[in-house]
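S.K.: predicted model, plus sequence, below.
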Amino acid sequence: MAELTVDQVRERVEDDWNRIVELLNRKIALQSVSAKGITAEHMKRSAEFVAEELKLVGIDAKVVQATNEDGTPGAWEVIGSRIVDPGAPTVLLYAHHDVQPVPDPAEWNTDPFVGTEIDGRLYGRGSADDGGGIAIHSGALKALGDDLKVNIKVFIEGEEEMGSPSFIPFITAHKDEFDSDVIIVADSGNWSAEIPSLTTSLRGNTCVDVTVRGLKHPVHSGQYGGPILDSNTLAAMLIASLYDANGDIAVPGIASEEPIGGLQQDVDEAGVRADAGAVDGYVLAGTGSLASRLWTKPSLTVIGFDAHPVEGSFNVIAPETRFRLSLRTAPNQRPEEAQDALAAFLVANPPFGAEVEVAKLENGMGWAMDPNAEATKDALEAMEEAFGVAPINQGQGGSIPFIPELQRLFPSAQVLVTGPEDPKANAHSPNESISLYGLKHNVITEALLLAKLGK
């Protein structure tokens, strides 16, 4: 049989387009919020919906409940396969069916759980993250139909937004269902709705809780203020010492990297400022390309700080302050190594000899794409054929710890990170949306990629 052309794939996706959009609308309506209970009935219904949709495109899919490490019930997962030739390459398709909560529906311009199309974008919670990933897989498999030349395995996770606590036990218990040559993770984004991207890297993450103590008990600020500094000030000094004058992290042992595979185009500063809501006078911290500062250089954030509220405050010198630091690590650095370096620096540099205690918390490894892998080249070629423009690859500053775990468990597999999002998607935020133009071309891309992987 002759190979499918780009035009044939495009035509098949066009013919299937109404079904793809309707799938996404129905997925949005399910309100698959894992924060309301990963074992709950609404999450089971969500998994069953996804499994039935996959069956419609040729996947022998089923719903299985995971088990946590402590033996308690875990998430409702969807696994499935379609074996066309035992000797052909095997591709694992990943997405997740759980979505973020909606704390305040009043912040939305539309009903968050009713898919609403406005100016070429479909609004709704989970439209992009990661209902779009499910729609991409479904559309690509439907487009290929009997022309599929690779074996397919599918894993649609039910707890990604909750940190995937039962992910590793589930994979370990179902290793055969995951063993593959190529893994496509459709949970990231593109340079824009019109310009595709492969995600080249993800930063790792680690956290520590820090306690700074200057006194054994509170004292009056009028009586002792001056020679005795409050613990909040001491904590602020300690935090400030982690940076140099340019705003780069100045902790020995915390690694810094440049963009993986080279920097094709730097990130637009005006866009970053606007998207982040930076005030007019704020100067962006750090040195080097903005892309490296966002994707591959480490970053530190104070994500929690225990202090007396302004309301009800009085003239007392605080004896002890606790704060939490979140460190995003360079993609290839072991987070434990960075955590140890951070803890050692904090303890070794107490302002004015204050006591500093550090409690080490969880770690998540980063990930870096192999830019020279054959699957990478196939993916870039498929993107350009589908979108009609050359892709601009980008890293991501966030972390998806299960990707390096997959790579660890299946070291011979080539991992590709794609996705339905773009800078306007607002994933995790009010008014989440997906570009329908981008979605259609992502479906075409994945169909073309699967065809290339089958050669």
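M.R.: Sure thing, it's come through. Numbering: from 1, shown residues only.
S.K.: how far does the lowest-mean-pLDDT helix or strand in the chain sit from the chain's center?
M.R.: The helix or strand of the chain with the poorest confidence is helix 402-409; it has a mean of 87 (mean pLDDT, DSSP states H and E). Distance of helix 402-409 from the chain centroid (Cα atoms, centre = their mean, to the nearest Å) equals 14 Å.
S.K.: what's downstream of that helix, the next helix or strand?
M.R.: strand 414-418 (DSSP states H and E).
S.K.: tilt between that next one and helix 402-409?
M.R.: Inter-element angle recorded for strand 414-418 and helix 402-409: 170 degrees (by axes from the mean of the first three to the mean of the last three Cα atoms, to 10 degrees).
S.K.: so what touches the least confident helix or strand of the chain?
M.R.: Residues outside helix 402-409 that contact it (Cβ atoms under 8 Å, 6 or more residues apart in numbering): 157, 160, 164, 167-168, 171-172, 175, 178, 183, 185, 202, 204, 364-367, 413, 415, 417. Backbone N, C-alpha and C define where each C-beta goes, glycine included.
S.K.: and Trp367, how far from Arg125?
M.R.: 26 Å (Cβ to Cβ, to the nearest Å).
S.K.: typo on my end, it should be Ala386
M.R.: 27 Å.
S.K.: more neighbours: which of the two?
M.R.: Arg125 (28 against 24; other Cβ atoms under 10 Å).
S.K.: can you tell me the SS state at the more buried one?
M.R.: coil (DSSP: H, G, I helix; E, B strand; the rest coil).
S.K.: need phi/psi at the residue located most distally from the centre of the chain.
M.R.: Distance to the chain centre peaks in the chain at Gln223, reaching 50.7 Å (criterion: Cα atoms, centre = their mean). Main-chain torsions, Gln223, degrees, to the nearest 10: phi -80, psi -40.
S.K.: show the pLDDT at it.
M.R.: You'll see Gln223 listed with a pLDDT of 97.
S.K.: ok, the residue sitting nearest the centre point of the chain to Arg334 distance?
M.R.: The chain has Ile400 as the residue nearest its centroid, 4.7 Å off, counting by Cα atoms, centre = their mean. As judged by Cβ to Cβ, Ile400 and Arg334 stand 17 Å apart.
S.K.: same question, Gly124
M.R.: 38 Å.
S.K.: neighbour-wise, which of these two wins?
M.R.: The neighbour comparison of Gly124 against Arg334 (other Cβ under 10 Å) goes to Gly124, with 26 against 15.
S.K.: now His42: phi and psi?
M.R.: Residue torsions, per degrees, to the nearest 10, at His42 are phi -70, psi -30.
S.K.: which parts of this structure are helices?
M.R.: Under the criterion DSSP state H, the chain contains helices at 6-15, 17-29, 41-56, 131-144, 167-173, 221-224, 231-240, 269-276, 290-295, 335-348, 374-387, 402-409, 436-453.
S.K.: now the second one and helix 436-453, what's the angle there?
M.R.: This points to helix 17-29. Computed by the same axes, to 10 degrees, the angle between helix 17-29 and helix 436-453 is 110 degrees.
S.K.: pick the most deeply packed of the helices of the chain.
M.R.: Neighbour counts (mean count of other Cβ atoms under 10 Å) averaged over each of the helices of the chain peak at helix 131-144, with a mean of 27.
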